[in-house]
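A.B. asks: I need the structure of the sequence given here:
(chains A and B)
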Protein chains: 2
Amino acid sequence: MIDETRPRGVLAPVVTPFDETLAPDAGRLVEHCRWLLANDVGLAVFGTNSEANSLATGEKLELLEGLVDAGIDPARMMPGTGCCAITDSVALTKRAVELGCAGVLMLPPFYYKDVSDEGLYRNFAEIIDRVGDNALRIYLYHIPPVSRVPISLELIERLLTDFPGTIAGVKDSSGDWDNTRAMIERFGPRGFDVFAGSETFLLDTLRAGGVGCISATANVNPGPIARLAATWRQGDADDQQAALDVIRRIFSRYVMIPTLKAAIARYGSDPGWERVRPPLVELAAEEREALFAALDDAGFDMPGLS
Amino acid sequence: MIDETRPRGVLAPVVTPFDETLAPDAGRLVEHCRWLLANDVGLAVFGTNSEANSLATGEKLELLEGLVDAGIDPARMMPGTGCCAITDSVALTKRAVELGCAGVLMLPPFYYKDVSDEGLYRNFAEIIDRVGDNALRIYLYHIPPVSRVPISLELIERLLTDFPGTIAGVKDSSGDWDNTRAMIERFGPRGFDVFAGSETFLLDTLRAGGVGCISATANVNPGPIARLAATWRQGDADDQQAALDVIRRIFSRYVMIPTLKAAIARYGSDPGWERVRPPLVELAAEEREALFAALDDAGFDMPGLS
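C.D. replies: Here you go, the predicted model:
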């Protein structure tokens, strides 16, 4: 039995625009969220590709409230709320639940390395306890290439056993299909929803019993990715996947976040979108030109982006 | 010519005590700082071993102000102020300078990996610009085993050239003596003060022209480490170093932070000191017993700890 209130399909780790002072730009963010929703893509704001970890907790709280105030449906939102400090994770998670967000995407605390599963278990258990709300739905965020703090199958087993319903799923950004499949096979039957970390694995994930993907490139190619998630049982699914892969490869040539922002700046005719916070850097002029040429060759567009 | 206002010798990344609710315990922290100062050890509060990255920015600001209010001399303090979000780094650094801290120990933003030197340069340059105070002294914090974001010699070269005086030195916790020596040889003559990341390299660092060490175990063995820093030109320096190494090795057997806290709890007769925030975990009973037995065998003590 499928819980209809649970997020499924495609979500974007929504890129965060900045103004001339490098402050978060709520107006541009609202516009981009509306465009994504119009393309059937949900909002994993404050993900890795949102530069979430370049934002202070107060900045994130303000943006989240601004989105809801602007009328963005919290039932379509899965904000990232996992921080290094448990007090930050609790503050963000609590507010997300109060605002009615469908779920939260939770990084493990990622500064200390080689920490034990027991320590990670205590982190999540303590957050669940302090938030103290049955409406909380946690999607664990496994992204070892960036966090360097993996979430093991054993840890998921223990959390799912102790907090069924609250531990709702995972985003697997390991890039390791064997791991994604193992998560689906082992925990899927217990109501644990597995999202692939990229549309590269979307069709495989759906066929194996996963529920969708949360992907950086859903920021720029939302319509076609959402279409595959909606029609993956049709005969053209493999062709759709192959077409998505072509675009994904182009966006993967340079550093992802400035590449996504360069595309939004170009197709939305808004150069201000290119800004990133340090330690990231905008694309160099020659990278941008090569990117745009490749996108033109591929017939890429971002229809409806204003 | 030596600038007498610059920190030299030995500093401890002061371990942070927590109360029963896992909130930072300012009272216990003040006491521990007083004991360290009485042992000629300076205060690198909010270092890696302080669980700084398990504290929210607001918690750090409150602790820092509490220390100064309690009469701890800011001229003996080098708080860690480098965060993932530049807005957090600026807030902490600004307050540290206003309070009169001798310097700040600055991690690079550590979530995104494989970032460019240009991006890291912009992070530090932007912080310096926003703080906008000539009294700012930045000690770069190179700790690739934990941060996984190294600070290269080329980056230091560029920062030191553009911000002489403000870029005051480094803590090298790479554990790679060749790197520490290269930093001393290349940048020492330009007024760049190199601290080793552990007393293991204290004598080598001082002989090569570095200024001291900032070491986890200075929390528990401050007197003997500070004595070597003060008397390293004497004939018994190698014997002193060997004695320090024996103690360091014992403290390195288990996870460092809970090990330090277990020792403070024992020698200060205050079990509350053992608490750590997730994702860290207290020592297991058998680890604690083995630790204490080894320390007893070595004749270790923490004289004056109350």
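A.B. asks: in what helix or strand does A:E62 lie?
C.D. replies: helix A:57-69 (DSSP states H and E).
A.B. asks: okay, buried residues for whichever helix or strand comes after that helix please.
C.D. replies: Scanning forward in sequence from helix A:57-69 by DSSP H and E, the next helix or strand is helix A:86-98. For helix A:86-98, the buried set under the neighbour-count rule, 16 or more other C-beta atoms under 10 Å in any protein chain shown, comprises A:86-97. For glycine as for every other residue, the C-beta is placed from the backbone atoms N, C-alpha and C.
A.B. asks: give me the angle between helix A:86-98 and helix B:86-98.
C.D. replies: 140 degrees (axes from the mean of the first three to the mean of the last three C-alpha atoms, to 10 degrees).
A.B. asks: quick check: A:A70 touching A:V30?
C.D. replies: Yes: look at A:A70 against A:V30 with C-beta atoms under 8 Å: they come within range, at 4.5 Å.
A.B. asks: among these two, which residue is more densely surrounded?
C.D. replies: Applying other C-beta atoms under 10 Å in any protein chain shown to A:A70 and A:V30 shows that A:V30 carries more neighbours, namely 18 against 14.
A.B. asks: so the host helix or strand of the more buried one, near chain B or not?
C.D. replies: Assigning secondary structure by DSSP H and E places A:V30 in helix A:26-38. No: with C-beta under 8 Å from any C-beta of the partner chain as the criterion, chain B is not reached by helix A:26-38; the gap is at least 15.1 Å.
A.B. asks: so that helix versus helix A:57-69, what angle?
C.D. replies: Angle of helix A:26-38 versus helix A:57-69, following the same axes, to 10 degrees, is 50 degrees.
A.B. asks: and helix A:26-38, C-alpha only, in CSV?
C.D. replies: Coordinates of each C-alpha in helix A:26-38 appear next as CSV, following Å, rounded to 0.1, in the frame of the first residue of the first chain:
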residue,chain,number,x,y,z
ALA,A,26,14.6,34.6,-1.9
GLY,A,27,12.8,36.1,-4.9
ARG,A,28,14.9,34.3,-7.5
LEU,A,29,14.6,31.1,-5.5
VAL,A,30,10.8,31.2,-5.3
GLU,A,31,10.7,31.7,-9.1
HIS,A,32,12.9,28.7,-9.7
CYS,A,33,10.9,26.6,-7.4
ARG,A,34,7.7,27.5,-9.2
TRP,A,35,9.3,26.5,-12.5
LEU,A,36,10.4,23.2,-11.1
LEU,A,37,7.0,22.4,-9.7
ALA,A,38,5.4,23.3,-13.0
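A.B. asks: and it, how far from the chain's centre?
C.D. replies: 15 Å (C-alpha atoms, centre = their mean, to the nearest Å).
A.B. asks: pull the residues that contact the helix or strand following that helix.
C.D. replies: Using DSSP H and E, the helix or strand that follows helix A:26-38 in sequence is strand A:42-43. With contact meaning C-beta atoms under 8 Å, 6 or more residues apart in numbering or on different chains, strand A:42-43 is reached by A:7, A:9-12, A:14, A:33, A:36-37, A:67, A:72, A:76-79, A:102.
A.B. asks: ok, those vs chain B, which is closest?
C.D. replies: Of all the contacts of strand A:42-43, chain B sits closest to A:P79, with 15.7 Å by C-beta to the nearest C-beta.
A.B. asks: ok, now which ones touch the closest one?
C.D. replies: A:P79 touches A:43-46, A:60, A:64, A:92, A:96, A:101, A:104-105, counting by C-beta under 8 Å, 6+ apart.
A.B. asks: so which of the residues you listed is the most crowded?
C.D. replies: Counting by other C-beta under 10 Å, top hit in the contacts of A:P79: A:A44 with 33 neighbours.
A.B. asks: ok, that residue touching A:M106?
C.D. replies: No: using C-beta under 8 Å, A:A44 makes no contact with A:M106, being 11.4 Å away.
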